[in-house]
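S.K.: Curious how this folds, go ahead:
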Amino acid sequence: MSASTPKVWLTTLGCAKNQVDSDKVTGVLHAAGYEDAASPEAADVVMVNTCAFIEPARRESIDTVLELAEAKQPAAKLVVLGCMAQRYEQVLIEALPEADAVIGLDRYPELVGRLDQLTEWQPLQIRPLQQSAMDILYETLRPTPSTPYAYVKVAEGCDKLCTFCAIPQFRGKQRSRSKENIVAEVTGLVRSGVREIVLVAQDLAAYGRDVGDRGGLRALVEEVAAIPGLRWLRLYYLYPGEIRQPLIDAMAEMPKIANYFDLSLQHSSHRLLRAMKRPGSGHGHMELIHSIRKAAPDAALRSSFIVGFPGETEDDVESLAAFLRSAQLDWVGLFPFSPEEGTPAAELSDQVPHDAAMERLRYLQGLQDDITHAKNAAEVGRSVEVLVDQVEEGQAVGRSYRQAPEIDGVVLLDRGAPGEWLQAEIVGAYGTDLEARVLR
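M.R.: Numbers count the residues shown, from 1 in each chain. Down below sits the predicted model:
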């Protein structure tokens, strides 16, 4: 039996939604008396929150589990959490003898009790009542934030039927939280020092529809933006078929909403988009972009695209290249198609060889890199507001509204402390990053 309080190390892989889950898990463990470890080597329990979105993410998850199994102390326990644990629980139990427990999303109510068993810890305090998985997911209790920004998940699951995506299989249909619950969580985060909130969901623009909330996302952002002390509100991920002009206008007009649109476009080929069961076309996407830039001329736009979807031709690739040149997006994520088990797209006969898909991706990435670098170079000489995220080896690192945390470039400043808002002049551009001189 462990006499001292066990210490836990949690590594998070995958998207912002996984980070939210990890924050919730950490909050629940803190409430149960567990403490954070300074490193995997110093932990009594090492946990990995895995990602199962595509094959490379699954490989990274397995590699991370194995690396941490080697790094931890022999007596420390290893626990696999998250999407892979949810989707492949029995497979992981059989394939990973290194893991002491595999606990998927639906079994999070068992987590504290399972850790008590693994560590043989008998805490003095009375345990809180067991909660349902949804209660834990939407619990407002959180650890003290380590950054001036925080992610808040406003819905779980997804109702869309994209042929390449397996998320609804293990995350379920969309379940929106109440505005009251979300506002309470954001209020608590702001009071604890967070200044930027990122609202996130698999299909954010459809928020509220499943519970009959006619106000939807616009009503939610209006309430959240009214919270005193909040400086920026950022929105992830906007499904193009759900974006309406009132939402665009709200994002353009409300000063607390970062002038940043994360659009989930996926391709420009109408034929491939139909095969993906996605809305729009290259022409329709451009109309949406024009609507956004008309309402918000300085808006920063990000999107992601799948390269090598079954049936994609060289003409489709050139169509996407032409779209990227025309759209002039600030940030783009390009991903090779991954045939996910159980999805319709994995069964299509006209699969594109992986090597061909990667060659196409490199071509498109080079084109987009030139666009992004030119966009950044155009920022030189501008005065912008910067939120300082951290100081690394004496170097202050922050972001303007154009840069989302962890996925875009950064602004390197000559001074600053985490959480500060500084007015700075951009004096240099280096690929995806900017250099700035603080004005005040």
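S.K.: All the strands of the stretch 1-150 of the chain, residue numbers only.
M.R.: 7-12, 35-36, 45-50, 77-81, 101-103, 149-153 (DSSP state E, counting those that start in this stretch).
S.K.: Let me have the ones you listed in JSON lines, extended by mean pLDDT.
M.R.: Output for the strands of the stretch 1-150 of the chain, formatted as JSON lines (pLDDT from 0 to 100):
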{"stretch": "strand 7-12", "mean pLDDT": "91"}
{"stretch": "strand 35-36", "mean pLDDT": "89"}
{"stretch": "strand 45-50", "mean pLDDT": "92"}
{"stretch": "strand 77-81", "mean pLDDT": "91"}
{"stretch": "strand 101-103", "mean pLDDT": "90"}
{"stretch": "strand 149-153", "mean pLDDT": "89"}
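S.K.: what's the most buried one of those?
M.R.: Ranked by mean neighbour count, the strands of the stretch 1-150 of the chain are led by strand 45-50 with a mean of 26 (mean count of other Cβ atoms under 10 Å). C-beta here means a position set from N, CA and C on the backbone, and glycine is covered the same way.
S.K.: what angle do it and strand 77-81 make?
M.R.: 20 degrees (axes from the mean of the first three to the mean of the last three Cα atoms, to 10 degrees).
S.K.: what about strand 45-50, distance to the chain center?
M.R.: On the basis of Cα atoms, centre = their mean, to the nearest Å, strand 45-50 sits 18 Å off its chain's mean C-alpha point.
S.K.: relative to strand 7-12, how tilted is that strand?
M.R.: 10 degrees.
S.K.: Show me what strand 45-50 is packed up against.
M.R.: strand 7-12, helix 16-31, helix 55-71, strand 77-81, helix 82-87, helix 111-119 (3 or more Cβ pairs under 8 Å, 6 or more residues apart in numbering; DSSP states H and E).
S.K.: could I get those as JSON lines with distance to residue 192?
M.R.: Listed next are the helices and strands packed on strand 45-50 as JSON lines, based on distance: least, Cβ to Cβ, whole Å:
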{"stretch": "strand 7-12", "distance to residue 192": "19"}
{"stretch": "helix 16-31", "distance to residue 192": "12"}
{"stretch": "helix 55-71", "distance to residue 192": "29"}
{"stretch": "strand 77-81", "distance to residue 192": "24"}
{"stretch": "helix 82-87", "distance to residue 192": "25"}
{"stretch": "helix 111-119", "distance to residue 192": "23"}
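S.K.: Out of the ones you listed, which gets nearest to residue 308?
M.R.: helix 55-71 (12.8 Å; Cβ to Cβ).
S.K.: Using CSV, list the CA coordinates for the closest one.
M.R.: Extracted in CSV, the C-alpha atoms of helix 55-71 (Å, rounded to 0.1, in the frame of the first residue of the first chain):
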residue,chain,number,x,y,z
GLU,A,55,-3.3,5.8,-38.8
PRO,A,56,-0.3,8.2,-38.2
ALA,A,57,-1.9,9.4,-35.0
ARG,A,58,-2.5,5.9,-33.8
ARG,A,59,1.2,5.0,-34.5
GLU,A,60,2.3,8.1,-32.6
SER,A,61,0.1,7.0,-29.7
ILE,A,62,1.5,3.5,-29.6
ASP,A,63,5.1,4.8,-29.9
THR,A,64,4.5,7.3,-27.0
VAL,A,65,3.1,4.5,-24.8
LEU,A,66,6.1,2.3,-25.5
GLU,A,67,8.6,5.2,-24.9
LEU,A,68,7.0,6.1,-21.6
ALA,A,69,7.0,2.4,-20.6
GLU,A,70,10.7,2.6,-21.0
ALA,A,71,11.1,6.0,-19.3
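S.K.: ok, residues contacting it?
M.R.: Residues outside helix 55-71 that contact it (Cβ atoms under 8 Å, 6 or more residues apart in numbering) are 9, 11, 13-14, 40-41, 46, 48, 50-52, 78, 80, 82, 84, 96, 98-99, 338-340.
S.K.: Now do that helix: distance to the chain's middle.
M.R.: For helix 55-71, the distance to the chain centre is 19 Å (Cα atoms, centre = their mean).
S.K.: and what of stretch 7-22?
M.R.: For stretch 7-22, the distance to the chain centre is 11 Å (Cα atoms, centre = their mean).
S.K.: Give me the phi and psi angles of residue 192.
M.R.: Main-chain torsions, residue 192, degrees, to the nearest 10: phi -90, psi 0.
S.K.: give me the number of residues near it?
M.R.: 12 (other Cβ atoms under 10 Å).
S.K.: can you map out the helices along the protein?
M.R.: 16-31, 55-71, 82-87, 89-95, 111-119, 133-137, 167-171, 179-191, 216-225, 245-253, 270-276, 282-295, 314-327, 354-377 (DSSP state H).
S.K.: relative orientation of the last one and helix 55-71 in degrees?
M.R.: Okay, so that is helix 354-377. Using the same axes, to 10 degrees: helix 354-377 against helix 55-71 is 90 degrees.
S.K.: relative to helix 314-327, how tilted is helix 354-377?
M.R.: Going by the same axes, to 10 degrees, helix 354-377 makes 10 degrees with helix 314-327.
S.K.: hmm, back to that, wait, which of the helices of the chain is closest to residue 395?
M.R.: helix 354-377 (18.2 Å).
S.K.: So what touches that closest one?
M.R.: By Cβ under 8 Å, 6+ apart, helix 354-377 touches 305, 307-308, 312, 317, 320-321, 324-325, 328-332, 334-337, 409, 429, 431-434.
S.K.: Extract the C-alpha set from that helix and format it as PDB.
M.R.: Provided in PDB are the C-alpha atoms of helix 354-377 (Å, rounded to 0.1, in the frame of the first residue of the first chain):
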ATOM      1  CA  HIS A 354       0.400   6.500 -50.500                       C
ATOM      2  CA  ASP A 355       3.600   7.600 -52.200                       C
ATOM      3  CA  ALA A 356       1.600   9.400 -54.900                       C
ATOM      4  CA  ALA A 357      -0.500  11.100 -52.200                       C
ATOM      5  CA  MET A 358       2.600  12.200 -50.400                       C
ATOM      6  CA  GLU A 359       4.100  13.600 -53.600                       C
ATOM      7  CA  ARG A 360       1.000  15.600 -54.200                       C
ATOM      8  CA  LEU A 361       1.000  16.800 -50.600                       C
ATOM      9  CA  ARG A 362       4.600  18.100 -50.900                       C
ATOM     10  CA  TYR A 363       3.700  20.000 -54.000                       C
ATOM     11  CA  LEU A 364       0.700  21.700 -52.400                       C
ATOM     12  CA  GLN A 365       2.600  22.300 -49.200                       C
ATOM     13  CA  GLY A 366       5.400  24.100 -51.100                       C
ATOM     14  CA  LEU A 367       2.800  26.300 -52.800                       C
ATOM     15  CA  GLN A 368       1.000  27.100 -49.500                       C
ATOM     16  CA  ASP A 369       4.300  27.800 -47.700                       C
ATOM     17  CA  ASP A 370       5.000  30.500 -50.200                       C
ATOM     18  CA  ILE A 371       1.600  32.000 -49.600                       C
ATOM     19  CA  THR A 372       1.900  31.900 -45.800                       C
ATOM     20  CA  HIS A 373       5.400  33.300 -45.800                       C
ATOM     21  CA  ALA A 374       4.200  36.200 -48.000                       C
ATOM     22  CA  LYS A 375       1.300  36.800 -45.700                       C
ATOM     23  CA  ASN A 376       3.700  37.000 -42.800                       C
ATOM     24  CA  ALA A 377       6.100  39.300 -44.600                       C
END
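S.K.: Perfect, I'm done here.
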